[in-house]
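> Quick one, fold the following:
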Amino acid sequence: MASHLEPNHEKVSILTRTPEITKTIVEVLSEAKKLIAICVDKNALKPAGIDQCFHAITEAHKRGVTIKYVTEVTKENLQYCKELLEVAQVNHVDGIKGNFVVTDADYLGTIALSDIQSISQLIYSNSKQIVEQQKFLFDSLFEKAIPAIQRIKEIEDALLTERTRVVYGKEQILSTILAWQQSAQKHWNLCVDSAVPNFSMSDKIRNGYTDAKNRGVKIRYITEITNDNLEQCKEIMKYAEVRHLPGVIGNFVASEKEYLGEAVSKDFFSHVVCSNKKEIVEQQNYIFENLWNSAVPEADKVRQIEEGIEPEEIKILSNPVEIQKLYKNLLRTAMSEISLIISTPNALLRQQETGIIKLIKQASTERNVKVNLVIPKIDKSTQNQNESNTMRKCMLEVNDLPIESRNIRVRRHLPSINPTSKIKSTILLADRQYSLVIDLKDDLKRRFNDAIGFASYSNSKSRTQSYNFIFDTIWRQADVYEQLENKTIELERLTTIQNEFINVAAHELRTPTQAILGYADMLAQSTERNRNYEVAIARNASRLYTLSSDILDLARIESQTFKLDMSNFDLNLEVENIIKEVIARREWEKVSDKVRLIFDPNETIVLFGDERRIGQVILNLINNALKFTEIGTINIRVEKSSQTNEAIVKVKDTGTGIDKEILPRLFMKFVSKSKSGTGLGLFITKSIVEAHGGNIRGYNNSEGKGATFRFTIPLAGQDYNSTKPSSSRPNVLT
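Numbering: from 1, shown residues only. Sure, this is the predicted structure:
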């Protein structure tokens, strides 16, 4: 080819310009001396713009050049293949790919030949090695191919006989089925409902199975395996590979050549649709493959039926009515446990309005089902008042069961901050065996059916175990968040109380300190002794001592180093001494005409304890009563309990009573409504009483004004805290 290479020079080049590509193809075909070998796929056999090439091939044939083709003969290119047979040897290969031309001296290769004008690049080479290599490749393909004239005949015969027909009548239908069995050479694909296996094992049909198996035909059978057809399915398994597809409807069979669609009446096929059209046969075989991949191996289903095992299934539901129906049915049939995650406040409201909460209550009360709920918390910052009120009403629906019959446990999460809010689906687990996951489509919708999307139901053991693990993890997480929230609230409260204590303590320390300093300074400046100054200094020093003692006791209690010096003592005598101490104070003079202290002992009561600390308890309770009783009486009463063998001490006043706000926290540290004091007295009092094995409580009097504090202490000889402490060994307050 003078236009492409110099004489005696080998060359490999890639051509990209269309005029040059067309010119090169025509020149190669025109200059061939002995051979033109062409390999093309079915789409490239007669590309647009091929007239020049076909003319060059025709001229080469006239010159005595041998022309060979390898291609795929189809209905679409059938006529052109016939034209080629006049000038070339043509062979057929199914699904041939690739396009190249090789002559005695040249090689051409391209990606596609659908249009000569659109070829983007052409590989040209006159390299002897490349040319010989491509000749060898072509010869291999040509030898393995079948003559095109044979393939043309097959296509023309099929075109003449392709048809679709409907067969009626029992005898004609049976004959058609038997003929279909005989004609199949490669495979049978059968998909039938649960009634057909009985027919499949009738004598004539069974003989067809036996013959097909002997001929090596691959038989695959899809049906619904049931208790009624189990034995027939086992018979079919001797000939075919069987799979179970629940609820399969309709009957069809397909071989490599023919399709039968069978319509069943009461006891036999009412008619059969037959077709050998290639497109229909391929379509039905494709459908069968998809059904086959979805079906269950027969061994699993047979074992389930024989052992009474419930089959595992996974359903995807899109109909909101069906989803709601299944949701409620799972709640109604749960027998031992319901675990439910509701992710958003709106979802909780929707389910309350749909009756879900009512069904949960019924399961808990009527069937004694254990219920675990993870529900959202009311976020006041994101809800208006009406929504909040509705949500609270919804919460009451969950919480209004009697304590003795309530099996509901609830964990709440705050969707705005809690990671559980990342789960937007409602997750239901019934009896830890069934799972229902309902996707949320639009949380702003008020109606349940409008808000939900798809749902997935499963009784698969592995899938349900996975969801149970997820639920348990979220439950623990919500539990931790709830505990953290409570701890945070408690810490904030303690911080506030401690700040208040610091302010009060600072004031309580500053007041007597300033008084002492002031009176001491006045004494220093005075030349005479002043009794009033000395009393004031002593009073404020005593106040400082009490405050510092309380703070020191608090530190010892919390560090568990508070010790009791145990001995036997007369409780009535200790009370009398405390009363004398109170009356001896100057503060008593101010209230003695308004307040009466009443104590009338009946019998001797001997305790084994720390006399000084028990006295401290009684003094604290009397002082506390004096703070809140401006006019009235403070009655101290001591008595024995023969049933519990302990002493009972009551301090009852007619004062203002205990403030309702602090009543639940009465014995906690730093809690006080008094204008003075640190709020440590009752905390220390409770700690001392409990260290002696007793208990204390305070309450407002039911008959009117005032409050009563009541504490108990075991009598001498009682064993408390596991070991009776001896008088020689201090008891450590814990």
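> Distance check, Ser13 against Ala32.
As judged by CB to CB, to the nearest Å, Ser13 and Ala32 stand 19 Å apart. Placement of C-beta: from N, CA and C, glycine included.
> next one: Ala691
117 Å.
> Excluding residues flanking it in the chain, which one is nearest the residue most central in space within the chain?
What sits nearest the mean C-alpha location of the chain, by CA atoms, centre = their mean, is Ile470, with 5.0 Å. Using CB to CB, 6 or more residues apart in numbering and skipping residues adjacent in sequence, the residue nearest Ile470 is Ile427, 7.3 Å away.
> Counting neighbours around each, name which of Ser13 and Ala32 comes out higher.
Using other CB atoms under 10 Å, the more surrounded residue of Ser13 and Ala32 is Ala32, with 24 against 13.
> hang on, the more buried one is in a strand, isn't it?
No: assigned with DSSP: H, G, I helix; E, B strand; the rest coil, Ala32 falls outside any strand and is coil.
> Just the pLDDT for it.
On the pLDDT scale, Ala32 is placed at 93.
> Run through the residues that contact it.
Ala60, Val65, Thr103, Asp104, Ala105, Asp106 (CB atoms under 8 Å, 6 or more residues apart in numbering).
> mind running it again at 7 Å?
Counting by CB atoms under 7 Å, 6 or more residues apart in numbering, Ala32 makes contact with Ala60, Val65, Thr103, Asp104.
> Mind jotting down where the helices sit in the stretch 351-500 of the chain?
Applying DSSP state H, counting those that start in this stretch to the stretch 351-500 of the chain gives helices spanning 356-366, 385-399, 448-451, 461-525.
> Put the alpha carbons of the longest strand along the chain into CSV.
The single longest strand within the chain, with elements called by DSSP state E, is strand 632-641. Output in CSV follows, covering the C-alpha atoms of strand 632-641 (Å, rounded to 0.1, in the frame of the first residue of the first chain):
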residue,chain,number,x,y,z
GLY,A,632,-47.6,28.0,122.6
THR,A,633,-46.1,24.8,123.9
ILE,A,634,-43.2,22.5,123.2
ASN,A,635,-44.0,19.0,124.6
ILE,A,636,-41.2,16.5,125.1
ARG,A,637,-42.4,12.9,125.6
VAL,A,638,-40.3,9.8,126.2
GLU,A,639,-41.8,6.3,126.3
LYS,A,640,-40.9,2.6,125.9
SER,A,641,-42.2,0.4,123.1
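> neighbouring contacts of it?
Under CB under 7 Å, 6+ apart, the answer for strand 632-641 is 571-572, 575, 595-599, 601-602, 605, 622, 625-626, 647-655, 706.
> Work out the sheet partners of that strand and label each with its direction, please.
strand 595-599 (parallel), strand 646-653 (antiparallel) (DSSP bridges).
> ok, of the contacts of strand 632-641, which come out buried?
Among these, those scoring as buried are 571-572, 575, 595, 597, 599, 601, 605, 622, 625-626, 647-649, 651-655, 706 (criterion: 16 or more other CB atoms under 10 Å).
> pLDDT of stretch 42-57, averaged?
On average, stretch 42-57 scores 73.
> Format the contacts of Ala32 as CSV; extra columns: neighbour count.
Formatted as CSV, those follow (neighbours: other CB atoms under 10 Å):
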residue, neighbour count
Ala60, 23
Val65, 19
Thr103, 24
Asp104, 15
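> I'd like the list of those residues that fall within helices, please.
Ala60 (DSSP state H).
> any idea what sits nearest Glu59, other than its immediate chain neighbours?
Ser30 (6.8 Å).
> Would you check that the one you found makes contact with Ala56?
Yes: at 4.9 Å, Ser30 and Ala56 qualify as touching, with contact defined as CB atoms under 7 Å.
> Near Leu190, how many residues? Count them for me, please.
23.
> Same question for it, what's its three-state structure.
Going by three-state DSSP: Leu190 is strand.
> got any ranges where the stretch 51-200 of the chain has weak pLDDT?
111-119, 158-162 (pLDDT under 70).
> which residues of it fall in strands?
Using DSSP state E, counting those that start in this stretch, the strands found in the stretch 51-200 of the chain span residues 66-71, 89-92, 99-103, 107-110, 122-125, 146-147, 164-168, 187-191.
> now for the longest one, which elements pack on it?
Right, strand 66-71. Contacts defined by 3 or more CB pairs under 7 Å, 6 or more residues apart in numbering; DSSP states H and E place strand 66-71 against strand 35-39, helix 51-62, strand 89-92, helix 128-144.
> Okay then, goodbye and thanks.
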